[in-house]
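Asks: no sequence for this one, just the structure:
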């Protein structure tokens, strides 16, 4: 919300002892040019100290004004006597500031260790990156952080590596947050990375997996998009790359892979949410993973986590023809989904992408599968549409908790079926 | 069932579940006919409920009187907010949008669309001299197949005894800068 942006500014001001007790924010709508001119007059009266949060642009469009308490009566009389319509957006700015500050300090405590991190709330990219460093500090012989590239806006692309040694062991790749608005995925990713670190040496399956294999986990796979969902548009899905010749920004990173690239399961229109990009792997966020997996040469499973719909999917999305390993993947999905449901009763459907959700080309798992990674799966986490992308944070831990056994089922199967 | 020259008919068996009481369910059957060719006509829908829906008169009346007695028109934004939160007093506004968007979705559905209400961006009450409550909503619809987020304006009338009506609705342009 834009109001939140202004609050950060206000809190900064509040820290320098400026108080806003009794100040109100009025939403004012000038109905014609004459009223627009009157609003400008208001702006020019310095002694009133009216602070325009949103300036009037044209008649019929709202302007937001913070009016200091001492000027309230004068301003309201001015508006009313000139028949300029307004409503009170915020009754007492200081009250709201105090409330916000309380909430902000509550959830942004300076975390000294991963055990103090609040897994039950949504975090910013900085908070997640800071937490990653703490995870590495807490488990130095198991977890390390590597950078596989940079985003379009030059943010680092970090991957957590879980390894107990060896040299280029067979590996499992996990990613969350490739579509930035799917906030439950990054949040679940953080919880799961923590879980993997905690359970090594405790849980027999995790221990067995990490004793022979490595896990690579990219939690913020689309950092530019993620930052944008916090700062500007909560519903942003794509990358933030500029498209030549278009005012529309971004490429769908899950249509940009070189697998059936350019078909009817993606769009050629830069303004579309499923825009595939000018060519496969045009996006640095995608290319970085392609290069990493190719360079590694021993990745045995790719699990890409999305939301929402409650599904567990495997290739193909770009064609209706069943994958060569359809039966095995189907059986594994069936088991995973059943173990997921056993936790809280959450029902998932499963099957190939094309059969279960829709035709989609240029996807992560189709590329992985066609490049020799047999165990390629996509999760679509909670829910089925009631909250959709805006899943309440109270559902983060239940979602992660129920998905965990399903993820383990897949990883154990990969361990037990080397190829 | 393909019906030559007419369209595609689907026979459905569904279970309705009360959002506010998960244990309360009602079985239904439905027939949906998508018309051939013309995507501007809403599908025909026939529903048969096998049971009764819960009576909500008390909650409806409390909400109705609360809004009727407001001095200033209700105005709100971003329901749910980015974190999935809905203020308790806004929950009925949210539910009303849910019902009304169901109408909009029905009118705009084809065999290749799957719409969900993603968020209420803005809602403003419009005071009326008659007994109805009127709300002007700007909602975001999420279309699953194209993954598009579509802003949509809808004017909603409601009365506890007369139910919900969408008197006006129109698709809005996406913001070019985003």
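Replies: Great, that's in hand. A quick note: this is a predicted structure, and the numbers were derived from the prediction, not measured.

Asks: buried stuff in the helix or strand encompassing residue A:72?
Replies: Using DSSP states H and E, the element containing residue A:72 is helix A:72-81. Residues of helix A:72-81 classed as buried under the neighbour-count rule (16 or more other C-beta atoms under 10 Å in any protein chain shown) are A:72, A:75, A:78, A:79. In this view, the C-beta of every residue, glycine as well, is placed from N, C-alpha and C.

Asks: Identify the residues contacting the residue lying closest to the second one once chain neighbours are set aside.
Replies: Okay, so that is residue A:75. What sits nearest to residue A:75 in space, not counting adjacent residues and going by C-beta to C-beta, 6 or more residues apart in numbering or on different chains, is residue A:67, at 4.9 Å. Residue A:67 sits next to A:23, A:24, A:25, A:26, A:48, A:50, A:51, A:75 when contact means C-beta atoms under 8 Å, 6 or more residues apart in numbering or on different chains.

Asks: redo that, cut-off 7 Å
Replies: Residue A:67 sits next to A:23, A:24, A:26, A:50, A:75 when contact means C-beta atoms under 7 Å, 6 or more residues apart in numbering or on different chains.

Asks: and what of residue B:137?
Replies: By C-beta under 7 Å, 6+ apart, the neighbours of residue B:137 are B:97, B:100, B:120, B:123, B:154, B:156.

Asks: related to what we said a few turns ago, look up which residues are beta-bridged to the residue nearest to residue A:75.
Replies: Assessed by DSSP bridges, residue A:67 has beta-bridge partners residue A:24.

Asks: How about residue B:142?
Replies: Applying DSSP bridges, one finds that residue B:142 bridges with residue B:116, residue B:149.

Asks: gap between it and residue B:151?
Replies: 11 Å (C-beta to C-beta, to the nearest Å).

Asks: Check residue B:26 too.
Replies: Taking C-beta to C-beta, one finds residue B:26 at 33 Å from residue B:151.

Asks: Where do the strands of the chain begin and end?
Replies: Let's take chain A. A:24-29, A:51-54, A:62-67, A:85-90, A:143-150, A:156-162, A:171-176, A:214-218, A:299-307, A:311-314, A:349-352, A:375-381 (DSSP state E).

Asks: you looked at the wrong chain, it should be chain B
Replies: B:2-3, B:7-18, B:21-35, B:44-50, B:75-79, B:115-126, B:133-143, B:148-159, B:163-171.

Asks: Pick out the shakiest of those, pLDDT-wise.
Replies: Comparing mean pLDDT across these, the weakest is strand B:2-3, with a mean of 72.

Asks: Wait, residue A:63 touches residue A:36, no?
Replies: No: using C-beta atoms under 7 Å, residue A:63 is not in contact with residue A:36, being 9.1 Å away.

Asks: quick one, which of these two is more surrounded?
Replies: Taking neighbours as other C-beta atoms under 10 Å in any protein chain shown, residue A:63 and residue A:36 compare with residue A:63 leading, 21 against 17.

Asks: which ones are touching the more buried one?
Replies: A:28, A:39, A:52, A:54, A:55, A:56.

Asks: Quick check: whichever residue of chain B sits closest to chain A vs residue A:184, distance?
Replies: Ranked by C-beta to the nearest C-beta, the top residue of chain B for proximity to chain A is residue B:84, at 3.3 Å. Going from residue B:84 to residue A:184 by C-beta to C-beta gives 9 Å.

Asks: Identify the contacts common to these two.
Replies: Counting by C-beta under 7 Å, 6+ apart, the residues touching both residue B:84 and residue A:184 are residue A:391.

Asks: So which of those two has more stuff around it?
Replies: residue A:184 (30 against 20).

Asks: before we move on, back to that, let me have the buried residues of helix A:72-81 in a markdown table, extended by pLDDT.
Replies: What follows is the buried residues of helix A:72-81, written out as a markdown table (pLDDT from 0 to 100):
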| residue | pLDDT |
| --- | --- |
| A:72 | 88 |
| A:75 | 90 |
| A:78 | 88 |
| A:79 | 89 |
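
Asks: and which of those residues is nearest chain B?
Replies: Nearest member of these to chain B, counting by C-beta to the nearest C-beta, is residue A:79, at 14.6 Å.

Asks: who's in contact with residue A:79?
Replies: Neighbouring residues of residue A:79 by C-beta under 7 Å, 6+ apart: A:28, A:86.

Asks: tally of neighbours for the residue in the stretch 51-200 of chain A that chain B sits nearest to?
Replies: Ranking the residues of the stretch 51-200 of chain A by distance to chain B (C-beta to the nearest C-beta) places residue A:122 first, at 5.7 Å. Counted with other C-beta under 10 Å, residues neighbouring residue A:122 total 22.

Asks: Near chain A, which residues of chain B are found?
Replies: Taking C-beta under 7 Å from any C-beta of the partner chain as the contact definition, chain B meets chain A at B:72, B:75, B:78, B:80-85, B:116, B:118-119, B:140, B:142, B:145-149, B:176, B:178.

Asks: follow-up on the earlier one: which of the contacts of residue A:67 lies at the shortest distance from residue A:196?
Replies: Residue A:196 has its nearest neighbour among those in residue A:23, at 48.9 Å by C-beta to C-beta.

Asks: Quick check: that closest one touching residue A:66?
Replies: Yes: taking C-beta under 7 Å as the definition, residue A:23 is a contact partner of residue A:66 at 5.9 Å.

Asks: quick one, which of the two is more surrounded?
Replies: residue A:23 (23 against 19).

Asks: Could you list the low-pLDDT ranges of the stretch 101-250 of chain A?
Replies: A:101-115 (pLDDT under 70).

Asks: how about the residues of it that lie near chain B?
Replies: Close to chain B, as judged by C-beta under 7 Å from any C-beta, the stretch 101-250 of chain A has residues A:122, A:233, A:234, A:235, A:237, A:247.

Asks: ok, and the most crowded of those residues?
Replies: Most surrounded of these: other C-beta under 10 Å gives residue A:237, at 24 neighbours.

Asks: Next one: that residue from residue A:271, what distance?
Replies: For residue A:237, the distance to residue A:271 - C-beta to C-beta - is 12 Å.

Asks: For residue 118, grab the count of nearby residues.
Replies: Picked chain A for this. Residue A:118 has 16 neighbouring residues, counting by other C-beta under 10 Å.

Asks: To clarify, I was referring to chain B.
Replies: Around residue B:118 there are 24 residues (other C-beta under 10 Å).

Asks: do the same with residue A:88
Replies: Residue A:88 - counted by other C-beta under 10 Å - has 15 other residues nearby.

Asks: Isn't it up against residue A:26?
Replies: Yes: assessed by C-beta under 7 Å, residue A:88 is found in contact with residue A:26 at 6.0 Å.

Asks: Mutual contacts of those two, please.
Replies: Common neighbours of residue A:88 and residue A:26, using C-beta under 7 Å, 6+ apart, do not exist here.

Asks: thinking again about what came up before, between residue A:23 and residue A:66, what contacts are shared?
Replies: Counting by C-beta under 7 Å, 6+ apart, the shared contacts of residue A:23 and residue A:66 are residue A:93.

Asks: Tell me the residues of the stretch 301-419 of chain A that contact chain B?
Replies: Close to chain B, as judged by C-beta under 7 Å from any C-beta, the stretch 301-419 of chain A has residues A:358, A:385, A:387, A:388, A:389, A:390, A:391, A:392, A:393.

Asks: Domains in chain A, by residue range?
Replies: The record's domain split for chain A, according to the TED database, is A:24-91, A:100-416.
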